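Novice: this one's structure only:
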């Protein structure tokens, strides 16, 4: 039996990421099912479910953070998809990544832009 925290997180994950998030969780089940549960409970049940920021704002912040990290391309692609899913436009996503060139450098921004293009090319 899953906790209320897990159930809240699972619903939020589906709201934010749709099938992209479900695919990540499904992939984790084979290697680290406990981590998948933590991702759902903490990341989405606790953090994404908080007030003060709407999902669109949370995804913009997440895109900025992942862009400047420069080493999280798979996660960045999931969150580009999520940003589109919660109402961000392609132009807004691109602008966030361009803005981050001031903080993470041009290589990080370039990598993020190319990752975003891959998602844009396949997003419904």
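Specialist: Cool, the structure landed. Everything numeric in this text was worked out from a predicted model, so none of it was measured.
Novice: quick one: buried residues of the helix or strand bottoming out on mean pLDDT in the chain?
Specialist: Of all the helices and strands that make up the chain, helix 19-29 has the lowest average by mean pLDDT, DSSP states H and E, namely a mean of 87. Residues of helix 19-29 classed as buried: 20-21, 24-25, 28 (neighbour count, 16 or more other Cβ atoms under 10 Å). Any C-beta I mention is one placed from the backbone N, CA and C, and that applies to glycine too.
Novice: and the helix or strand following that helix, what's its mean pLDDT?
Specialist: Following helix 19-29 in sequence order, the next helix or strand is helix 33-38 (DSSP states H and E). Averaging pLDDT along helix 33-38 yields 93.
Novice: quick one: contacts of stretch 84-103?
Specialist: Residues from elsewhere that reach stretch 84-103 (Cβ atoms under 8 Å, 6 or more residues apart in numbering): 15-18, 20, 55-56, 59-60, 63-64, 67-68, 80, 83, 108-109, 112-113, 116, 119-120, 123.
Novice: and what of stretch 1-18?
Specialist: 21-22, 24-25, 37, 40-46, 48-49, 55, 58-59, 78, 81-82, 85-86.
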